[in-house]
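> Pasting the sequence and the predicted model now:
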Amino acid sequence: MTTSTIAGIELEVDAEGFLQKPEQWTDAVGEAIAAELGIEMTDRHWQVARFMRQRFLDNGTAPTIRTLGKESGVDVKELYKLFPKGPAKLAAKIGGIPKPRGCI
């Protein structure tokens, strides 16, 4: 495990920059991660990132892209517009949870 300073906070991250301790996450951390990824957060982005985060905190796993599209209130087509390089992976990273299983 390594550490990275994000939004002025030193956080434990994996080799790809995913937070390893979700309890260290804040909105400011999510905003900083999004900026590093070139994503300007809108209410729709936050809706998805917070859904991913809450599902992980409730169940211990992140939802699949199919579940994300059906239950987050944002359909799959829009998910790919919001997060063009992989909605589940990017929303998880911004939401401060570990990389979802099955994401490349």
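Received the coordinates, thanks. Every value quoted in this text rests on a predicted model; they were computed, and no experiment measured them.

> Would you map the strands across this protein?
Per DSSP state E, the chain has strands spanning 2-6, 9-13. These are given in chain order.

> Other residues contacting the first one?
Strand 2-6 is contacted from outside by 10-15, 17, 29, 32-33, using Cβ atoms under 8 Å, 6 or more residues apart in numbering. Where C-beta positions appear, they are placed from N, C-alpha and C, glycine not excepted.

> in it, what's buried?
Applying a neighbour-count criterion of 16 or more other Cβ atoms under 10 Å, the buried positions in strand 2-6 are residue 6.

> and it, which strands flank it?
Take DSSP bridges as the rule and strand 2-6 pairs in its sheet with strand 9-13 (antiparallel).

> Go through the strands of the chain and name the closest to residue 99.
Between residue 99 and those, the tightest spacing by Cβ to Cβ is seen for strand 9-13, at 10.5 Å.

> related to what we said a few turns ago, export the strands of the chain as a markdown table, with columns for mean pLDDT.
Converted to a markdown table, the strands of the chain look like this (pLDDT from 0 to 100):
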| stretch | mean pLDDT |
| --- | --- |
| strand 2-6 | 91 |
| strand 9-13 | 93 |
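
> Turn these into CSV, columns for distance to residue 65.
What follows is the strands of the chain, written out as CSV (distance: least, Cβ to Cβ, whole Å):
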stretch, distance to residue 65
strand 2-6, 25
strand 9-13, 23
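
> Count the neighbours of the nearest residue to residue 21 once chain neighbours are set aside for me.
Take residue 21 and drop its neighbours on the chain: the residue closest to it by Cβ to Cβ, 6 or more residues apart in numbering is residue 12, 5.4 Å away. Residues contacting residue 12 under the criterion other Cβ atoms under 10 Å number 13.
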